[in-house]
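*Asks:* Just a sequence and a predicted model for now, questions to come.
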Amino acid sequence: MKKLFLTLAIALIGFTAAHAQTATHKEKTTPAQKAEKSTAKLQKELSLTADQKQKVYAIELDKFQKAESLHTSGHQAKQAQKDQHKAIKMETEAKLDKVLNAAQKKKLTALQTEKKAQKRASKEKKA
């Protein structure tokens, strides 16, 4: 009986270890995929026209390509990297302001404010 329990325990440990090692890693998305997803979300939320959608896609693609190059360009000081990300974000917002109409800008600002509030709430929840 002891041998049976010992054998089952060893088998269970072996299966658990084997299963834990087969965790799948999420495929890294390309800047184009990120831009497509982001544009689709903005299309849905802001009711973009076809022309606006093309322009927004180009803006988003540029943003994600710059962010990608920031990450692959090597290790920089965290503050320098934050500053560069902030500059990219501000540049993107300025470009979007030129493409969107007043109602869409207002809705986008509301969406961004809501997203920030959700982020803060999740950070406070973790802390």
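*Replies:* Now that the structure is in, tell me what you want to look at.
*Asks:* Got the confidence number for the residue nearest the centre of the chain?
*Replies:* For the chain, Lys34 is the residue whose C-alpha lies nearest the centre (CA atoms, centre = their mean; 7.7 Å). For Lys34, the pLDDT comes out at 94.
*Asks:* need the longest helix for this protein.
*Replies:* The helix that spans the most residues within the chain, counting by DSSP state H, is helix 102-126.
*Asks:* Distance of the closest residue to the residue nearest to the centre of the chain other than its chain neighbours relative to Gly74?
*Replies:* Nearest non-adjacent residue to Lys34, counting by CB to CB, 6 or more residues apart in numbering: Phe64, 4.5 Å away. C-betas here are computed from N, CA, C, even on glycine. Applying CB to CB, to the nearest Å, the value for Phe64 to Gly74 is 19 Å.
*Asks:* what do you get for Lys41?
*Replies:* Lys41 is 31 Å from Gly74, by CB to CB.
*Asks:* tell me which strands and helices the helix or strand harbouring the residue nearest to the centre of the chain is in contact with?
*Replies:* Using DSSP states H and E, Lys34 sits in helix 31-46. Helices and strands touching helix 31-46, as assessed by 3 or more CB pairs under 8 Å, 6 or more residues apart in numbering; DSSP states H and E, comprise helix 50-72, helix 102-126.
*Asks:* Just the angle for the last one relative to helix 31-46, thanks.
*Replies:* Right, helix 102-126. Helix 102-126 runs at 110 degrees relative to helix 31-46, counting by axes from the mean of the first three to the mean of the last three CA atoms, to 10 degrees.
*Asks:* and helix 102-126, how far out from the chain's middle?
*Replies:* Put simply, helix 102-126 sits 15 Å off its chain's centre (CA atoms, centre = their mean, to the nearest Å).
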